[in-house]
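**Q** Turn this into a structure:
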Amino acid sequence: MNLSNNTQASRWSAARPAGLASGLLAQTAAAVRPRIAVIDVLRGLVMLIMLFDHVRETIYLHMQVTDPMTVEATQPMMFFTRLSAHFCAPMFVFLTGLSAWLYAHPAAGPRSATGFLIKRGMLLVFLELVAVNFAWAGEMPPPVLYLQVIWVIGLSMVVLALMHRLPMKLLLAVGLAIVCGHNALTWISFAPGDFGYSTWTILLHRGFLITEGAFKVKVTYPLLPWIGVILLGYCAGPLYGRAMDPARRAGWLKGLGFGALGALVLLRGFNIYGEELPWVQGSDALHTLMSFVNFTKYPPSLDFLLMTLGAGMLGLAFFEKFDNGFTRICATFGGAPMFYYLLHLFVLLIMQNLLVLVMGPNHGARFGIAEYWPVWPVSVVLMPLLYFPCRAFASYKRRSTQAWVRYF
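**A** Coordinates of the predicted model:
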């Protein structure tokens, strides 16, 4: 019979001297910390990577990127920075599912996560519609209401809230079927105005829900594939159960990670399935590589998810072994994810407005830089400016008994 850590500690306290019980509790806490901390570490790391892409969208927006990217027309530095940002949404959604499993399985015993997931999911949808869209547009209402990553995470959490009590094998089967099978549905399409167009746009096809009038609505993150990702994240939760040996967990994560990347090499190498845009021989080896890893993000293709989630599994296995300054910085950002997300968007909005005020607009009403490379140093300079508010909020979040704080 499996016992919770609290129950085990209680039995030792009754049978052993207090010093031994205290030692056991200390060892248990030491084992739990890296198991949970690595989730915040990886979440914080991908959010810092995301900053580079969002700085690009703030000061280099006049040079648009396509989806997938146009290899020959995209400079390599910009291409690979954008590629690195591809890891953010999949890992964030996956870790949201994993964290939901941990919430539903505390030390005291299983509990329903339905209420928490629905309330947090609807909060995220609200924040997307109001705060996030204002931060990107700089005006309210925005000329176009974009339904992006926070919106899709929120809706995915609501779906998980309704499904998480189903048998784990069924959840895993549904998650795999969605992630692996949604590419086979891309041929289905509806013209605007057709019955089913709005539903299909929300589920699988990026496009406008409202195109006429002063107020337009566009879905940029179709929902269906992300439901599959959050379900897979929830099914990965038992790997972080208290009974799981760290070495066994690392073995599972490495196996899953290398297995996903191996499947990617096979499917992509022979252009079999998983990505609508086949890779081609480029003008040189670098552009051939760029073509090979140039995947569709909206919606995320199977190859896109094999690359990002596969590497993410390896990242979880790798970073659990480390506790240093870098991982603690990442964990600080990852411990206050929604606070960081909103903070960095408003910092970027203020930065753009200050640049327009000081330098003057040079691309319509916006200010933009002439070359891409300054995106990197600007992003690095912003990181410590964002770190200290996030550290303060993360510390408040740990101490606070206010219910609302949990949702950030």
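
**Q** Against residue 227, how distant is the closest residue to residue 132 other than its chain neighbours?
**A** Spatially, and ignoring its direct neighbours in sequence, residue 132 is nearest to residue 150 (5.5 Å; C-beta to C-beta, 6 or more residues apart in numbering). Any C-beta I mention is one placed from the backbone N, CA and C, and that applies to glycine too. In this structure, residue 150 and residue 227 are 15 Å apart, going by C-beta to C-beta, to the nearest Å.

**Q** Likewise for residue 50?
**A** Look at residue 50 and residue 227: by C-beta to C-beta, they are 21 Å apart.

**Q** Between those two, which has more neighbouring residues?
**A** Each of residue 50 and residue 227 has its neighbours counted (other C-beta atoms under 10 Å); residue 227 has more, 24 against 21.

**Q** Run through the residues that contact the more buried one.
**A** With contact taken as C-beta atoms under 8 Å, 6 or more residues apart in numbering, residue 227 is in contact with 156, 159-160, 175, 178.

**Q** can you rerun that using 7 Å?
**A** Applying C-beta atoms under 7 Å, 6 or more residues apart in numbering, we find residue 227 in contact with 156, 159, 178.

**Q** Report the buried residues of stretch 109-123.
**A** Applying a neighbour-count criterion of 16 or more other C-beta atoms under 10 Å, one finds 113-114, 116-121, 123 buried in stretch 109-123.

**Q** Which ones among these lie within helices?
**A** Using DSSP state H, the members of the buried residues of stretch 109-123 that fall within helices are 114, 116-121, 123.

**Q** My impression was that residue 146 belongs to a helix - is that right?
**A** No. When DSSP: H, G, I helix; E, B strand; the rest coil is applied, residue 146 is found to be strand, with no helix at that position.

**Q** CA atoms only: put the helix or strand hosting residue 94 into CSV for me.
**A** Using DSSP states H and E, the element containing residue 94 is helix 88-104. The C-alpha trace of helix 88-104 is given here as CSV (Å, rounded to 0.1, in the frame of the first residue of the first chain):
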residue,chain,number,x,y,z
CYS,A,88,7.5,28.5,-25.3
ALA,A,89,3.8,27.8,-26.0
PRO,A,90,4.1,24.0,-26.2
MET,A,91,6.1,23.7,-23.0
PHE,A,92,3.9,26.2,-21.2
VAL,A,93,0.7,24.3,-22.1
PHE,A,94,2.3,20.9,-21.3
LEU,A,95,3.5,22.2,-17.9
THR,A,96,0.1,23.6,-17.2
GLY,A,97,-1.4,20.1,-17.6
LEU,A,98,1.4,18.6,-15.5
SER,A,99,0.8,21.3,-12.7
ALA,A,100,-2.9,20.5,-12.8
TRP,A,101,-2.1,16.9,-12.0
LEU,A,102,0.0,18.0,-9.1
TYR,A,103,-2.8,20.2,-7.8
ALA,A,104,-5.2,17.3,-8.1
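
**Q** okay, the residue nearest in space to the middle of the chain: pLDDT?
**A** Centroid-nearest residue in the chain, with C-alpha atoms, centre = their mean: residue 92, separated by 2.0 Å. As predicted, residue 92 sits at a pLDDT of 95.

**Q** That one touches residue 45, doesn't it?
**A** No. Under the criterion of C-beta atoms under 7 Å, residue 92 makes no contact with residue 45, lying 10.9 Å away.

**Q** which ones are touching the residue nearest to residue 40 when sequence neighbours are not counted?
**A** Nearest residue to residue 40, sequence neighbours excluded (C-beta to C-beta, 6+ apart): residue 334, at 3.5 Å. By C-beta under 7 Å, 6+ apart, residue 334 lies in contact with 40-41, 43-44, 47.

**Q** Repeat that for residue 405.
**A** Residue 405 sits in contact with residue 397, where contact means C-beta under 7 Å, 6+ apart.

**Q** contacting residues around the residue nearest to the centre of the chain?
**A** If a contact means C-beta under 7 Å, 6+ apart, then residue 92 has 43, 46, 153 as its contacts.

**Q** How much space separates it from residue 40?
**A** To residue 40, residue 92 is 12 Å away according to C-beta to C-beta.

**Q** Neighbours of residue 368, how many?
**A** In terms of burial, residue 368 registers 17 neighbours under the definition other C-beta under 10 Å.

**Q** I'd assumed it was in a helix, is it?
**A** No. Remark: residue 368 does not belong to a helix; assigned using three-state DSSP, it is coil.

**Q** Residue 304 and residue 297 touch, don't they?
**A** Yes. Using C-beta under 7 Å, residue 304 makes contact with residue 297 at a distance of 6.1 Å.

**Q** Can you check which residues contact both of these two?
**A** residue 86.

**Q** Those two: which is more packed in?
**A** The residue with the greater number of neighbours, taking residue 304 and residue 297 and applying other C-beta under 10 Å, is residue 304; the counts read 26 against 20.

**Q** need the strands for the protein, in chain order.
**A** Per DSSP state E, the chain has strands spanning 144-147, 207-210, 216-219. These are given in chain order.

**Q** Of the ones you listed, give the one that comes closest to residue 271.
**A** With respect to residue 271, and counting by C-beta to C-beta, the nearest of these is strand 207-210 at 25.9 Å.

**Q** the bottom helix or strand of the chain by mean pLDDT?
**A** Here the helix or strand of the chain ranked lowest by mean pLDDT, DSSP states H and E is helix 5-15, holding a mean of 36.

**Q** end-to-end on stretch 217-231?
**A** Between the opening and closing residues of stretch 217-231 lies a distance of 27 Å (C-alpha to C-alpha, to the nearest Å).
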